[in-house]
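Chemist: Fold the following and give me the result.
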Amino acid sequence: MNLNHGKVGAPTQILAGLLGMLMLIILGCGVKAMPVAPGQTLPAPVRDLTGKITGDQATLSWTIPAKEKKNAWIPAAVVVYRSRVALKDGDCDHCPLKFDPIAKLSIPGGVAPKMQYVDMLETGFRHTYKVVLIGADEERGEDSNLFAVQP
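Modeler: As a prediction, the model looks like this:
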């Protein structure tokens with residue numbers, strides 16, 4: 001004879017509570033990203049990345065944008081990224097590029113109107129570059145325009 005009359009026992013309640021907490025832990029957290037101080041916004045990205053080829057060197061040049069928004073964080077550094085694709089692999093316009101960081105350059109006081117970086121080019125590869133502004137707390141800005149060269 002069942003005397004519980006539809007009541008749930010203590011072990012079942014504990015198990016249900018633990019399962020509920022586990023679901024909150026797994027599903028309750030959003031996408032993780034670097035924290036940004038409340039009210040701060042990203043600075044404008046570099047929009048004028050260009051380059052000049054001299055022999056086996058690429059001299060990249062860009063301008064740090066003026067602060068457009070009052071509450072934008074001040075860039076402390078710039079990271080230069082490069083993608084290299086072997087020419088023997090053919091030209092693939094729809095293939096994603098894999099960028100690797102190759103340099104991190106400080107921006108003293110967040111003010112450096114014009115910056116440059118020189119990279120050695122490797123024959124047989126198409127080199128594509130971009131730069132990203134980095135904040136004092138390693139906040140990451142948006143990607144710049146791309147600059148590509150084939151020696």
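
Chemist: can you give me the strands for this protein?
Modeler: 50-54, 57-63, 75-86, 100-106, 114-120, 125-135, 140-143, 147-149 (DSSP state E).

Chemist: Which among those is found nearest to C92?
Modeler: Evaluated over these, closeness to C92 peaks at strand 75-86, with 7.8 Å, by Cβ to Cβ. In short, each C-beta sits where N, CA and C put it, glycine included.

Chemist: What strands flank the closest one, and is each parallel or antiparallel?
Modeler: Applying DSSP bridges, strand 75-86 is found paired with strand 100-106 (antiparallel), strand 125-135 (antiparallel).

Chemist: Return the set of buried residues in it.
Modeler: Using 16 or more other Cβ atoms under 10 Å as the test for burial, strand 75-86 gives 75-83, 85.

Chemist: Okay, angle between that strand and strand 57-63 too, please.
Modeler: Strand 75-86 runs at 140 degrees relative to strand 57-63, counting by axes from the mean of the first three to the mean of the last three Cα atoms, to 10 degrees.

Chemist: What distance do you get for the closest residue to V132 other than its chain neighbours to L18?
Modeler: Using Cβ to Cβ, 6 or more residues apart in numbering and skipping residues adjacent in sequence, the residue nearest V132 is V79, 5.0 Å away. Counting by Cβ to Cβ, to the nearest Å, the gap from V79 to L18 is 44 Å.

Chemist: so what's E142 up against?
Modeler: 42, 45, 132-133 (Cβ atoms under 8 Å, 6 or more residues apart in numbering).

Chemist: sorry, back to before: mind putting the strands of the chain into TSV with mean pLDDT and distance to C92?
Modeler: Listed next are those as TSV, based on pLDDT from 0 to 100; distance: least, Cβ to Cβ, whole Å:
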stretch	mean pLDDT	distance to C92
strand 50-54	95	22
strand 57-63	96	21
strand 75-86	94	8
strand 100-106	97	18
strand 114-120	96	22
strand 125-135	95	10
strand 140-143	94	20
strand 147-149	94	13
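
Chemist: Of the ones you listed, which is nearest I14?
Modeler: With Cβ to Cβ as the yardstick, what comes closest out of the strands of the chain is strand 140-143 (43.4 Å).

Chemist: strands paired with the closest one, and their directions?
Modeler: strand 125-135 (antiparallel).
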